[in-house]
Every structure is written in structure tokens, then in C-alpha cells.
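Chemist: need a 3D model of the sequence below.
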Amino acid sequence: MREPRKLFTMTEEEALAQDAADSSLGAWEALKFCLPWLKPYVRKLILVTMADISLLGLAFIPPWFTTFMLDSALPNKDWDLVWRVALMAVGLGLWMQVLQVARDYLYLYIELKIQLDIRNRMYRQIQRLSMRTLDARPVGQMVDRVLIDSDRVGHTIYRIIPTFLMVVQFALLFAYVSYIDPLITAIVVAFLVPWTILFHWVTTVGREIDRRRLFCCEMRDATIQQAASSFAITKTFGREQHERFKHGSRATAVQRLGNQNYLILVWFEFATQRLIPYLKTTTVYLYFMRKVVFGEMTLGMTAPMIAYLGRLNFPLERIANFYNWVRQTMVSTERLMAFLRVEPDVVDRPDAVRMQEVRGDVAFENVSFSRPGRGRVLDGVNLTIAPGTTTAIVGPSGSGKSTLVALLLRLHDPETGRVLVDGHDLRDLHLDTYLRRIAVVQQETFIFGGTLANNIRFGKPDATDDELRTVLEQVGLGPWLEALPDGLDQDLKSGHGLSAGQRQRIGIARALIGDPGMVILDEPTSALDGPTEASVMATIETVFSGKTIVLVTHRLHTAAHANQIGVLVGGVLVEVGNHQALLARGEAYARLVAEYERGAEREEAAA
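Modeler: Residues are numbered from 1 along each chain as shown. Down below sits the predicted model:
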């Protein structure tokens, strides 16, 4: 028996293996995926539907005012009837306008709320996914899906009920006209056939063009974001012209695809909204003229018939536009589903342990991990870290040092083995409570846009101003703080104008403010010069004294002060011990030290 297709869930590994552009959804599958998003707005939708139904029913009345005028009031010169009919027509028109305004306001409110909900869902989902998935996706792709695709799908969802009511309106009008004169049915159907064929062809072609256009939009936006973060290196290498050409070619591709889509829609709208309706209306008028001339219909009866037939065009246009929009936004729905239906690899278990404190008793037990395209990057690692000690992880580039840290932060789960913290498997811990009790200082501290205070409070949102000043004093930024015009409220402008040492000290302050039980230092001084590195490391040793420290570094003179050193080579932990013991052993660590010292001597000679 064939296994049913998994529509709503997939693992991150399956998501990475599948290109959303290669997936293809039917309209029903997309609706099943999106309809639950309407649930919070059921009551408001009921009100809107009632307003639509009222407007639909009231819309059948005005043409009959014209019938009364032409067949009764005016021929009989019954001016009282004329005034009564006129007043009723005005009153009904005003009431319909009031209903229309209320209905339009509610619809707009629902549309904006749905779009906001979808954007929030997308943003939450992106935050839940593992770094493996996020690193594999261009930033421009995620931005476009949160902003552009969310709005497009939200607009489609909100139009479901109005379009359904348009179908009902068309069916009622068509049934009434067919009951009055069956030949009208044949005329309308005759013109519906070419309209339907054109409609299906255009939406099919438009969907493929839209798929390519949205992909090109992602590439264009990714180019812009990459350029915005690499102006310095672009200018240094004199590659401005190359970057302009790259952006121009991608922007031109978007524009050309947009032109193709627009050209098709222009001819489609001309045929379906002008030519075919004109021919149909002319044919119907000629038919009614014949019936009036031969006395088969009064002139007054032609008014509601013509009005109802004319109104057949509006629901048809609305239905056509909605169907066309749905066919094209299937691409956006596919792209949203590529994120929203992914089950994150790293999730908390229902009975996860909430950490009240972290002492820093760490054990890696037979840990192995692989990366797509790189194979096994850690293989059978066994390492124990005692509380309150400093452990340095060293090794050649690509040996798995950063991956080991990522497992300790539970950015990934190991394929085999386990990582224990204070006797608990990391997979048994409530991740947020664990991460809030440890801290990380990275190779280059990221400075958020906003004030100095907000940057440091990222490590402890409820920190007081006094606490902020204290940690800044501890990391050696007290005098700098006093010199700032706005003090803690100084706008750091995403770090522009800060020295490398200042950035790292802000990162240390951010880590220190939460009073962590364990600190992970991932190449914290690799971008610093010698004197600054020595000063920053002295600050780290002072402020984190007594804490468990895991230090990843290429600077072996920094690692030499650690209580123990773990040496990774090719993903295998080949040695563990202190600096003197490993040197005396004369194996992997000793070779790394010798190579490091030769490199330092060459740098001194070159200087």
C-alpha cells in the first residue's frame, strides 16, 4: 500500500534535502495548510459574512425600482409612487453603503492581523530551527519569506470567504436569469468557455513565472544584504564594479520576469474583462431588443435582467482574480511551508529539567557528529571538565573545536553519545533555563543597534543601571563609560566606531551580567593585537575567576594557562592534559606548539 504523503511535517534533514522550488502544491493542499490560521477570527468573520449576505440579498432589490418606474409609476403618472420608489431607493442605497464600510473595515482588520500572525509564526519558526538549517539558507531568502510571502499568503487567506460569496452570488444570478429565459443561459455559457480556457492557461503560466521571479528576488535581496556587510572588503579589493554588475544582473532578471508576467496579464485582462464581456453584453442587448420589439417582454422587465446580467461580470472578475492570485501565491505558500512544517531537530522534552543553577560539571561521552557535505567532524570524543576549572580546546583548523562548543550549547544534538552538564543529559534539560545560566564570548562580539545599556542587558534583561555600571567597571570600561556623552544611553550604532578591544569587553560585560556558572570563550582574542589580547585575557581571568571556562583558541600561549588542554585532530580527541604534561609527551600538542612558535618567529622577523 502506498504511504500517504506527509503534508504538514518533515525533519530538518528532509527540509534541507528538498528545494521548495521543486515542490508543487494543489489548491486544496494549500487551503488545508492555511485555513487553520482563520480560527482566531471566526467571530469577526461571521459578522463579515452576515454583512456580505445582507449586501448580496439587498443587491437584488434596486433593479426592481427601475421596473416599477418604467412599467407602473411613469406610464400612469403616479407621482406619489415615483417619490416613494425614489425615497426607498435612496434609503436602501445609504444603508448598503453603511454595511459596505463596516464590512470593508472588518475585512481590512482581519487581513492585517492574519499577515501579522503569519509573520510572527515565521519568525518564531526561524528562531526554533537549528543552526544547521539556518546556515544553509541565505539571509535574503528568510527575509523575503517573513515579509513578502507572509503578506501574500495572508491576503489570499482573507479573500477566501468574499470569493466564496461571489460564487454564491454568481450562482443565484445565473439561476434566476436562466429561470426567466433559458436561452440566456446558453448565451452566457457560450462566452464562459473561452474565458475559462484563457483563465486556466494564464494562471498556469503565471505561476511558473512567479516562481522564478520570487527566486530571483531572493537572490537580489541576498546580494544587497551581503554587499551592505562587506563594503570595506569590496572597496579594498576594488570590486565595486563587479558588485554593481552582480546586483544589476539579478535586479534585471526580476524586472524581466515581472514584465513577462505583466504582458500576459494585460492581454488576459483585455480578453476576459473587455472583449468577451463586450461581445456578451452586445449579444444580450440585441436579444432583449428583439423580445421587446415582438412584445415578449416589457421594457421595465429588461432593467432587472440587464442589471443582473451585468452583475455577472463582477463576481466572475472577482473569482478569476482570486483564482489567479491563489495559483500564483501557491509559490509563496510552498515557500512558507518549507519553513513552517519543519519539525526542529533540537526540542525540549515534555518532562525537561529546569536548571536553577549550573556548576559546570561537564562530560562528553563517546560523542560523534556529522555535517552535510563534510562527513564526520567529531568521532568518539570523551572529555570531562571539572567545575571551576579552565579547559582549552585546541587543534588545527577544521578539527571540530567549534562543533564541540556548538554541542555544549545544544545548537545541535550529537549523533551518538551524549553531553552531560551537572549530571544531566543536555537533551533532558529545558534549553532556555540552561542557556540563561551560562554565557558565551565569541570571536567577534555582535553589537546590536541601540544603546550601550540594551546591548549589555541582552545577557540579563532586568539588570539595573547600577549593575550595568558595575560590570563595565569590572571589564575595564569604566573610564570609557564616563567619557560617553549619553552614558548608558549612548547609541552604539551597531558597533561602528568601536575598537576591537572595546567590542570584546562589551561582549565580556554581556556575559558577566547574568552571573553565569559556566563561560564558553570561542576564539575571544583571535582578532586582537598582542597588547590588547593580553589585557582582555587578564580581564577574563579576573571577572570569571572560579567559574567553569571552556576556551577554544588558536593562540596556544593563551591555552597554556588552562587547567587542562584537549587536542582535537580530524574530529578525534587525541590528547588531554596540562601544558607541561602534553609538551613532555612530545606528540600532537607538542607539534602544534612548535609550529605555533615558528609562525610567531616568522611574524617577528617580518616585522
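Chemist: pLDDT weak spots in the stretch 301-450 of the chain?
Modeler: Low-confidence segments of the stretch 301-450 of the chain, defined by pLDDT under 70: 301, 303-304, 307-321, 323-328.
Chemist: where exactly do the helices run in it?
Modeler: In the stretch 301-450 of the chain, the helices defined using DSSP state H, counting those that start in this stretch lie at 401-408, 431-435.
Chemist: how about these, which one is nearest Gly388?
Modeler: helix 401-408 (16.5 Å; C-beta to C-beta). From N, CA and C alone the C-beta is placed, and that goes for glycine too.
Chemist: show me the contacts for Asp181.
Modeler: Residues in contact with Asp181, defined by C-beta atoms under 8 Å, 6 or more residues apart in numbering, are Met305.
Chemist: which one of the helices of the stretch 301-450 of the chain lies nearest to Lys280?
Modeler: Among the helices of the stretch 301-450 of the chain, the nearest to Lys280 by C-beta to C-beta is helix 431-435 (63.0 Å).
Chemist: what would the closest one look like as PDB? C-alpha coordinates only.
Modeler: This file holds the C-alpha atoms of helix 431-435, laid out as PDB (Å, rounded to 0.1, in the frame of the first residue of the first chain):
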ATOM      1  CA  LEU A 431      17.200  24.600  27.000                       C
ATOM      2  CA  ASP A 432      16.300  28.200  27.800                       C
ATOM      3  CA  THR A 433      16.800  27.800  31.500                       C
ATOM      4  CA  TYR A 434      20.200  26.100  30.800                       C
ATOM      5  CA  LEU A 435      21.400  28.800  28.400                       C
END
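Chemist: list the buried ones in that helix?
Modeler: For helix 431-435, burial by neighbour count (16 or more other C-beta atoms under 10 Å) applies to Leu431, Thr433, Tyr434, Leu435.
Chemist: of these, which is the nearest to Gly459?
Modeler: Nearest to Gly459 among the buried residues of helix 431-435 is Leu435, at 10.8 Å by C-beta to C-beta.
Chemist: if I look at that closest one, how far off is Gly517?
Modeler: According to C-beta to C-beta, to the nearest Å, Leu435 and Gly517 sit 12 Å apart.
Chemist: grab the nearest non-local neighbour of Gln260.
Modeler: With sequence-adjacent residues excluded and distances taken as C-beta to C-beta, 6 or more residues apart in numbering, Gln260 is closest to Ile209, at 5.6 Å.
Chemist: same check on Gly476?
Modeler: Using C-beta to C-beta, 6+ apart and skipping the chain neighbours, the partner closest in space to Gly476 is Thr539 (5.6 Å).
Chemist: name the SS class of that neighbour, please.
Modeler: Three-state assignment for Thr539 (DSSP: H, G, I helix; E, B strand; the rest coil): helix.
Chemist: shouldn't it be in contact with Leu472?
Modeler: No: here Thr539 does not reach Leu472: they are 11.4 Å apart, not a contact under C-beta atoms under 8 Å.
Chemist: between these two, point out the one with more neighbours.
Modeler: Legend: neighbour count by other C-beta atoms under 10 Å for Thr539 and Leu472, higher for Leu472 (25 against 20).
Chemist: isn't that one right up against Arg510?
Modeler: No: Leu472 lies out of contact with Arg510 (C-beta under 8 Å); the separation is 10.6 Å.
Chemist: list residues touching both of these two?
Modeler: Shared contacts of Leu472 and Arg510, defined by C-beta under 8 Å, 6+ apart, comprise Ile456.
Chemist: hmm, back to that, turn the buried residues of helix 431-435 into TSV, including distance to Met337.
Modeler: Conversion of the buried residues of helix 431-435 to TSV gives the following (distance: C-beta to C-beta, whole Å):
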residue	distance to Met337
Leu431	25
Thr433	31
Tyr434	31
Leu435	29
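Chemist: which of those lies closest to Tyr287?
Modeler: Leu431 (72.5 Å).
Chemist: next, the contact list for the closest one, please.
Modeler: Counted by C-beta under 8 Å, 6+ apart, Leu431 has contacts Val346, Asp348, Ala352, Arg410.
Chemist: how close does it get to Val552?
Modeler: 21 Å.
Chemist: just the mean pLDDT for the helix or strand hosting Arg505, thanks.
Modeler: Per DSSP states H and E, Arg505 falls inside helix 500-512. Taken as a whole, helix 500-512 has an average pLDDT of 87.
Chemist: that helix: how far from the chain's middle?
Modeler: Averaging C-alpha positions (C-alpha atoms, centre = their mean, to the nearest Å) puts helix 500-512 30 Å from its chain's average.
Chemist: where do the domain boundaries of this protein fall?
Modeler: For the chain, the structural domains run 10-343, 362-606, going by automatic domain parsing.
Chemist: could you tell me the least trusted of those domains?
Modeler: Among the domains of the chain, domain 10-343 carries the lowest mean pLDDT, a mean of 74.
Chemist: now, which of the buried residues of helix 431-435 sits nearest Tyr179?
Modeler: Out of those, the member with the shortest distance to Tyr179 (by C-beta to C-beta) is Leu431, at 65.8 Å.
Chemist: any idea how far the closest one is from Arg354?
Modeler: To Arg354, Leu431 is 10 Å away according to C-beta to C-beta.
Chemist: quick one: buried residues of stretch 464-476?
Modeler: Taking 16+ other C-beta under 10 Å as the criterion, stretch 464-476 shows Glu467, Leu468, Arg469, Val471, Leu472, Gln474, Val475, Gly476 as buried.
Chemist: helices - which of those residues land there?
Modeler: Per DSSP state H, helices hold the following members of the buried residues of stretch 464-476: Glu467, Leu468, Arg469, Val471, Leu472, Gln474.
Chemist: pretty sure the fourth one sits against Ala509.
Modeler: Yes: shown here, Val471 and Ala509 form a contact pair, counting by C-beta under 8 Å, at 4.6 Å.
Chemist: next, count neighbours for Ala584.
Modeler: Residues near Ala584, counting by other C-beta under 10 Å, number 12.
Chemist: what sits against it?
Modeler: Counting by C-beta under 8 Å, 6+ apart, Ala584 makes contact with nothing.
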